[in-house]
Structure formats: C-alpha cells, structure tokens
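Trainee: need a 3D model of the sequence below.
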Amino acid sequence: MNTGHIVSTFSAAALAFAAGLAFNTTASAAGDQFAKAAHNYDTYCVQCHGINRNGRGINSTNMSVQPRDHSDAKGMADIPDNELFDVIKNGGLAANKSVLMPVWGNVFDEGEIKEMVAYLRYVCKCGSAK
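Mentor: Numbering: from 1, shown residues only. I've put the predicted structure just below:
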C-alpha cells in the first residue's frame, strides 16, 4: 500500500467522521422538542438541503433549481407556514415551486409535517410567517 493511498483513506475517514459529528450535533442541538423532525430531516431532506440546512446537499450540485436554504432567516421569513406545509405535503409543483421537491404527504402524516414546519422555523431562527 503506498503512502498516497493511506493518506487518501485517512482523509476520507476523517471527512466521514466530521460529517457524522455535524449530523449528530444538528439533531441534538434541536433538543427534545424537535428531535423527531430533526431525525426526519436528516433522513429525508439532507440529500438536497444539506446537513447544514443551507441548500447545499450532495444532490444539489446537479440540480437545475437549487434547494431552498433553510438556514437563511431573511429568505425563510417571507414564506407563510401554510405554504411550507403545502410544499412538504404536496411537493414543489403543487405550490408552483420546483418539480424537484418531492411529495412527502405519503411519507409523513399531517402532525409530522406541522412539526417539520416548526423545525424549519427553529433552523432559520425566523419565527412564523403565518
């Protein structure tokens, strides 16, 4: 095994470890109130919206429409809660948003979607836009 391969393997392991720490820290930072929503986000949303909730998930690099940055207080503050709910439940197309945003109403029940909306408000630190 050459030294370059060892360094490359070590770098990949360190990156995976750091990503795991960020993943766990984000969920635990939300506390008990948002634990389920944070878990659902980490399971279903990070691929596009990113582990930092900034719209830079692993899938976002090849998307024609970039995912919303949920950490952007200014951008999120203007979106009413009912619109966030509708986009999560019915997908982007149903709200004249990106067709790349999937329908989650067949995965999450309405209570879980409401929890996700509240969690997104927590993430953006922007409160409810009602």
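Trainee: show me where the chain has its helices.
Mentor: Shown for the chain, the helices assigned by DSSP state H span residues 3-29, 35-44, 46-49, 73-77, 81-90, 110-124.
Trainee: can you flag the weakest of those helices by average pLDDT?
Mentor: The minimum mean pLDDT among the helices of the chain belongs to helix 3-29 (a mean of 46).
Trainee: distance check, Ser64 against Val99.
Mentor: Summarising the geometry, the distance separating Ser64 from Val99, computed by Cβ to Cβ, to the nearest Å, is 10 Å. Yep, even glycine has a C-beta here, placed from its N, CA and C like the rest.
Trainee: which of the two has more residues huddled nearby?
Mentor: When Ser64 is set against Val99 and neighbours are counted by other Cβ atoms under 10 Å, the residue ahead is Val99, at 11 against 7.
Trainee: my read is that Asp86 contacts Lys97, right?
Mentor: No - with the criterion set as Cβ atoms under 8 Å, Asp86 and Lys97 do not qualify as a contacting pair; they are 9.4 Å apart.
Trainee: burial count for Cys48?
Mentor: Close neighbours of Cys48, defined as other Cβ under 10 Å, add up to 20.
Trainee: make 57 the starting number, not 1.
Mentor: In the new count, where the first residue is 57, that last one comes out as Cys104.
Trainee: what's near enough to touch it?
Mentor: For Cys104, the contacting residues are Gly111, Gly113, Asn115, Ser116, Met119, Pro123, Leu156, by Cβ atoms under 8 Å, 6 or more residues apart in numbering.
Trainee: what sits against the fifth one?
Mentor: With contact taken as Cβ under 8 Å, 6+ apart, Met119 is in contact with Cys104, Leu156.
Trainee: can you tell me how far it is from Val163?
Mentor: Spatial separation of Met119 from Val163 under the definition Cβ to Cβ is 20 Å.
Trainee: over to Gly147?
Mentor: In this structure, Gly147 and Val163 are 11 Å apart, going by Cβ to Cβ.
Trainee: more neighbours: the two, which one.
Mentor: Here Gly147 and Val163 are set side by side on neighbour count (other Cβ under 10 Å), and the busier one is Gly147, at 18 against 14.
Trainee: surely that one is in contact with Met157?
Mentor: Yes - under the contact definition of Cβ under 8 Å, Gly147 touches Met157, with a separation of 5.4 Å.
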